[in-house]
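[1] can you look at this prediction? I've put the sequence above it.
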Number of protein chains: 2
Amino acid sequence: MKHNVKTILFGLMGLLWIMSATVAVAEDSLSSWNDGAAKKNIMAFVGKVTTQGSPEFVPPAERIATFDNDGTLWPSHPMYTQLAFALDRIKALAPKHPEWKTKQPFKAVLDNDLKALAAGGEKGMVELVMASHAGMSTAEFEAIVTDWLDKARHPRFKRRYTELAYQPMLELLTFLRASGFKTFIVSGGGVEFMRPMTEKVYGIPPEQVVGSTIQTKYEVKDGKPVLMRLPKIDFIDDKAGKPVGINKFIGRRPIAAFGNSSGDREMLEWTGAGSGSRLMMLVFHDDAEREYAYGPANGLPDTKFGTFPQSLMDEAKKKGWVVISMKNDWKTIFSNK
Amino acid sequence: MKHNVKTILFGLMGLLWIMSATVAVAEDSLSSWNDGAAKKNIMAFVGKVTTQGSPEFVPPAERIATFDNDGTLWPSHPMYTQLAFALDRIKALAPKHPEWKTKQPFKAVLDNDLKALAAGGEKGMVELVMASHAGMSTAEFEAIVTDWLDKARHPRFKRRYTELAYQPMLELLTFLRASGFKTFIVSGGGVEFMRPMTEKVYGIPPEQVVGSTIQTKYEVKDGKPVLMRLPKIDFIDDKAGKPVGINKFIGRRPIAAFGNSSGDREMLEWTGAGSGSRLMMLVFHDDAEREYAYGPANGLPDTKFGTFPQSLMDEAKKKGWVVISMKNDWKTIFSNK
């Protein structure tokens, strides 16, 4: 008897779920997208994989969508947000490190000498990240990041970085989740730099954030367990590391993947190599007026932060990956939150 | 107008959800558990954290529960299932490796010489794992594991290993999920050994399985991307590695954790160190008749597979962790699936 009640209630729930989903889709979920190829591709793909009985139907458990973060969900210019954080942290920590006044790459940061900073290359960058991201517990680091995200402002747009999420991508995330997808971030950025904000900004919980990691160590301090952040790289979730990270953390191949740079090439290749219907998209920053314009694909200026080379554009064309033009496909860029 | 329709439908869904949840709880979700301290503790904890307005209420997004696998959800005797798999694989691969006939630790496996095998220690074990778990693509490995799980039988119970999941724990997993929890496996076992079966057996999808990993490498073979499994340890998710793994993969501290051995000590400490209501439980194998009995806690025989030392029993008592007696707390051991 009890079982019957439960069965009926669940049946009704299912029915209402379908009805509300239909209503949701009937509204324009992607209202910040212009009517163009990008939007059409999204609607067609979601329609196919969610239609019961369609040959391309995908069960909800397998509807995995992965999103790069920098340059895909929020800006990566004039520099990666996490790099801006690292530079601010070096400056904040400088009083405790008088030796940094004369030691590169720290001197370059304190002098705002971007040329000397660039000359330090990747080795210098790793030193800066380690000095700013390690040596504290995970709880302390979370508090530092949360505080910085609240206080720091983007140099051009004068808003919090978390207020610069791309509105069309927020709509896309919401639309996919309403269509039964599980949305993940798969970013080259540090996982513990992103987690303090992804749930609030993107609706993506910490356990669905994949990123680069540094090693941590379990210790008991004054009877209380802590995880200490060590100055050692654990995993770089970029380029060929993205399929590795997807396999390690998610364990299921995405059916949709979204990126914006050569760091996302392998993630899109990996996604596209599965069977059945797939959607691969790249945000192309061609809007200097409202955001930034860089490539070097299609003759736009080159950049160190989110490079979109011509070879990626060519591969996209060849493989049917959809290139999103910020300028033409997006009615608005930033959310008004 | 459309918004109103949607709001009403969602409201109805919510109402039905609450009604059906109440019906679900009203039924005995833990019918294979005897009425004792273990069951009472579970019911009291879930009641507290799911009651709106209770000072110990926990929002659903934070209801993370982590489960060890070997010895907690299925048997770890007479040896870890994954070790049985490794030994079978070595035997299957032996014709291609004539040198194994005279080379340890392989010779010990082929001779069924458990004493020589034990003499090889951890180094020998790693060699066996690498020879049996690496050198193929992730897709090939998944197929090998799936095939083995279908064909192999437990030496004592003569059933598939996947048919030996503990019925009381399956009920607990279902009950927690019905109460808004997200259930994760956090095991010392290999993540890609577990993922092929966790969804079917435990209702836990691959992206909620945390375990030990070996390194993989992205390669394009004949134009098709593959992830090759390398003979290199990436991460050991055991003992002090469990909080590290939880932080890395989940990024949120569990409010409930379930284990059975010294490998789970730090996971339970880490879980218990959070604020608010917490539930930490240890399965104690004290039922030689229906399953196995080992400790060495409480004077039971010692073991290499899922050691439960007296110090763990003492810590459990001191910290209020609940010890589950298989013999007294469980009406049945195995599911009838």
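    Looks like it came in fine. Numbering: from 1, shown residues only, chains lettered A, B, ... in the order given.
[2] which residues does the residue nearest to the spatial centre of chain A contact?
    Closest residue to the average C-alpha location of chain A: A:Asn69 at 1.8 Å, with Cα atoms, centre = their mean. By Cβ atoms under 8 Å, 6 or more residues apart in numbering or on different chains, the contact set of A:Asn69 is A:185, A:187, A:189, A:194, A:211. For every residue, glycine as well, the C-beta is placed using N, CA and C.
[3] which one (most neighbours) among the residues you listed?
    A:Ser187 (30 neighbours; other Cβ atoms under 10 Å in any protein chain shown).
[4] skip the chain neighbours and tell me the closest residue to the closest residue to chain B within the stretch 51-200 of chain A.
    Per Cβ to the nearest Cβ, the residue of the stretch 51-200 of chain A with the smallest distance to chain B is A:Arg195, at 4.8 Å. Leaving aside its sequence neighbours, A:Arg195 sits nearest to A:Pro206 (Cβ to Cβ, 6 or more residues apart in numbering or on different chains; 4.3 Å).
[5] that neighbour: what's it in contact with?
    Contact analysis of A:Pro206 by Cβ under 8 Å, 6+ apart lists A:195, A:198-199, B:250-252.
[6] which of the residues you listed count as buried?
    Using 16 or more other Cβ atoms under 10 Å in any protein chain shown as the burial test, those include A:195, A:198, B:250-252 as buried.
[7] just checking: what are the partner strands of the strand or helix carrying A:Ala65?
    A:Ala65 belongs to strand A:64-67 when assigned by DSSP states H and E. Strand A:64-67 has its sheet partners listed here by DSSP bridges as strand A:182-190 (parallel), strand A:256-259 (parallel).
[8] so how far is the helix or strand following it off the chain centroid?
    Later in the chain than strand A:64-67, the nearest helix or strand by DSSP H and E is helix A:81-93. Centroid displacement of helix A:81-93 relative to its chain, using Cα atoms, centre = their mean, to the nearest Å, is 20 Å.
[9] where along chain A do the strands fall?
    A:64-67, A:182-190, A:209-221, A:224-235, A:256-259, A:279-284, A:322-325 (DSSP state E).
[10] now tabulate those in a markdown table and tack on distance to B:Thr174 and mean pLDDT.
    Formatted as a markdown table, those follow (distance: least, Cβ to Cβ, whole Å; pLDDT from 0 to 100):
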| stretch | distance to B:Thr174 | mean pLDDT |
| --- | --- | --- |
| strand A:64-67 | 23 | 98 |
| strand A:182-190 | 20 | 97 |
| strand A:209-221 | 27 | 97 |
| strand A:224-235 | 30 | 96 |
| strand A:256-259 | 30 | 98 |
| strand A:279-284 | 34 | 98 |
| strand A:322-325 | 41 | 98 |
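[11] pretty sure A:Glu207 contacts B:Arg252?
    Yes: the pair A:Glu207 / B:Arg252 is scored as a contact, 6.3 Å apart, by Cβ atoms under 8 Å.
[12] returning to that earlier point: make a markdown table from the contacts of A:Asn69 and add distance to A:Trp330 to it.
    Shown next, in a markdown table, are these (distance: Cβ to Cβ, whole Å):
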| residue | distance to A:Trp330 |
| --- | --- |
| A:Ile185 | 20 |
| A:Ser187 | 21 |
| A:Gly189 | 22 |
| A:Met194 | 23 |
| A:Gly211 | 25 |
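[13] quick one on the thing from earlier: and of the contacts of A:Pro206, the nearest to A:Pro95?
    Nearest to A:Pro95 among the contacts of A:Pro206: A:Arg195, at 28.5 Å, using Cβ to Cβ.
[14] how many other residues sit next to A:Asp222?
    Counted with other Cβ under 10 Å, A:Asp222 comes out at 5.
[15] and what of A:Leu230?
    By other Cβ under 10 Å, neighbour count at A:Leu230 equals 14.
[16] contacting residues for it?
    A:134, A:214-217.
[17] again, but for A:Leu312
    Taking Cβ under 8 Å, 6+ apart as the test, what A:Leu312 contacts is A:261-262, A:265, A:282, A:297.
[18] likewise for A:Met267?
    Per Cβ under 8 Å, 6+ apart, neighbours of A:Met267: A:66, A:68, A:186, A:242-243, A:246, A:254, A:257, A:259.
[19] what's the ChimeraX line that selects buried ones from those residues?
    With 16+ other Cβ under 10 Å as the criterion, this ChimeraX line picks the buried residues out of the contacts of A:Met267:
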select /A:66,68,186,242,243,246,254,257,259
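[20] so who does A:Arg63 touch?
    Neighbours of A:Arg63 in contact, by Cβ under 8 Å, 6+ apart: A:49-50, A:176, A:179-182, A:255.
[21] and for A:Val58?
    Contacts of A:Val58 (Cβ under 8 Å, 6+ apart): A:49-50, A:255, A:276-277.
[22] and if you look at A:Phe193?
    A:82, A:85, A:133, A:145, A:211.
[23] now for those residues, which pair is the farthest apart?
    A:Phe85 and A:Gly211 (13.8 Å).
[24] ok, A:Val226 touching A:Glu219?
    Yes: contact criterion Cβ under 8 Å: A:Val226 and A:Glu219 qualify, at 5.6 Å.
[25] out of these two, which sits in the busier spot?
    Per other Cβ under 10 Å, whichever of A:Val226 and A:Glu219 has more neighbours is A:Val226, with 20 against 13.
[26] name the nearest residue to that one, sequence neighbours excluded.
    Using Cβ to Cβ, 6+ apart, the closest residue to A:Val226 is A:Ser137 (4.3 Å).
[27] pull stretch A:127-136 out as CSV, backbone CA atoms only.
    Extracted in CSV, the C-alpha atoms of stretch A:127-136 (Å, rounded to 0.1, in the frame of the first residue of the first chain):
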residue,chain,number,x,y,z
GLU,A,127,58.1,30.5,-8.4
LEU,A,128,55.5,33.2,-8.1
VAL,A,129,52.6,30.7,-7.9
MET,A,130,54.4,28.7,-5.2
ALA,A,131,55.3,31.7,-3.1
SER,A,132,51.7,32.9,-3.3
HIS,A,133,49.7,29.7,-3.3
ALA,A,134,51.6,27.3,-0.9
GLY,A,135,52.7,27.2,2.7
MET,A,136,49.2,27.6,4.2
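[28] pLDDT averaged over it - what is it?
    Across stretch A:127-136, pLDDT averages out at 95.
[29] in that stretch, what counts as buried?
    A:127-134.
[30] ok, now stretch A:236-245?
    Neighbour count says stretch A:236-245 has A:237-245 buried, by 16+ other Cβ under 10 Å.
[31] cool, stretch A:326-333 as well?
    So stretch A:326-333, judged by 16+ other Cβ under 10 Å, has buried residues A:326-327, A:329-330, A:333.
[32] quick one: mean pLDDT over it.
    Averaging pLDDT residue by residue across stretch A:326-333 gives 98.
[33] from what I can see A:Gly276 touches A:Glu56, true?
    Yes: between A:Gly276 and A:Glu56 there is a contact at 6.0 Å, judged by Cβ under 8 Å.
[34] need the residues touching each of these two.
    Common neighbours of A:Gly276 and A:Glu56 (criterion: Cβ under 8 Å, 6+ apart): A:Val49.
[35] quick check, pLDDT for A:Lys40.
    Confidence score, pLDDT, at A:Lys40: 97.
[36] can you get me a residue count around it?
    12.
[37] any idea how far A:Asp329 is from it?
    To A:Asp329, A:Lys40 is 10 Å away according to Cβ to Cβ, to the nearest Å.
[38] what do you get for A:Ala92?
    Distance from A:Ala92 to A:Asp329, by Cβ to Cβ: 39 Å.
[39] picking up where we left off before, same list (the buried residues of stretch A:236-245) but as TSV, adding distance to chain B and pLDDT.
    Listed next are these as TSV, based on distance: Cβ to the nearest Cβ, whole Å; pLDDT from 0 to 100:
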residue	distance to chain B	pLDDT
A:Asp237	11	96
A:Asp238	11	96
A:Lys239	8	97
A:Ala240	4	98
A:Gly241	8	97
A:Lys242	8	98
A:Pro243	5	98
A:Val244	5	98
A:Gly245	10	98
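[40] need the contact list for A:Trp330.
    Counting by Cβ under 8 Å, 6+ apart, A:Trp330 touches A:32-34, A:166-168, A:287, A:324.
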